[in-house]
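> Make a model of this:
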Amino acid sequence: MPRPAKGARLGGSAAHEKLLLANLAKALFEHGRITTTEAKARRLRPVAERLITKAKKGDIHNRRLVLQTITDKSIVHTLFTEIAPRFENRPGGYTRITKIGNRRGDNAPMAVIELVEALTVAQQATGEAEAATKRAVKEAEAKAEAPAEVEETKEA
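You can find the predicted model right below:
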């Protein structure tokens with residue numbers, strides 16, 4: 001029979017920790033990356049990775065299992081239709097935790113947890129805009145560099 005984790009839990013009680021991790025996972029899937037404390041990020045990682053693995057299977061049974069944790073249907077839909085297909089060929093390790101120093105108010109160690117390959121909509125739009133700008137600059141340079149054809153005449 002499984003035993004609960006020993007020691008302090010995030011948020012105080014087991015029920016509060018479960019809800020806290022569910023809300024953190026919801027925010028992670030909605031935004032692609034979130035800033036939180038290192039302890040919360042370390043506890044969130046296995047929860048989020050299990051949910052992504054279930055979403056990769058894509059059947060109705062796994063969708064209902066994910067809906068038990070994340071109750072927002074729009075975020076579950078995004079997880080199954082946009083995030084999971086990006087990780088189709090990756091066997092695990094869907095998240096990255098980066099330490100960013102301590103928080104000013106209480107000196108708590110902070111970290112950014114983000115999805116490794118999944119880009120948010122804003123990041124995709126920014127990337128597409130930058131690519132279009134680079135293409136336009138290259139085309140302008142190519143036109144400027146292409147000299148007009150000069151006919152040479154032979155003088156006698």
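
> all contacts plus neighbour counts: C-alpha atoms, from now on.
Will do.

> Walking through the chain, point out its strands one by one.
33-37, 95-102, 109-115 (DSSP state E).

> how about TSV for those, with distance to Gly11, mean neighbour count and mean pLDDT added?
Shown next, in TSV, are those (distance: least, Cα to Cα, whole Å; neighbours: other Cα atoms under 10 Å; pLDDT from 0 to 100):
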stretch	distance to Gly11	mean neighbour count	mean pLDDT
strand 33-37	13	19	96
strand 95-102	20	15	96
strand 109-115	17	20	96
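
> Just tell me which of those strands ends up closest to Arg43.
strand 33-37 (10.1 Å; Cα to Cα).

> Output the strands of the chain as CSV; include the columns distance to Ala84.
Shown next, in CSV, are the strands of the chain (distance: least, Cα to Cα, whole Å):
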stretch, distance to Ala84
strand 33-37, 16
strand 95-102, 12
strand 109-115, 11
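
> Nearest to Ala129 among those strands would be which one?
Per Cα to Cα, nearest to Ala129 of the strands of the chain: strand 33-37, 21.0 Å.

> which residues does Arg103 contact?
Pro109, Met110 (Cα atoms under 8 Å, 6 or more residues apart in numbering).
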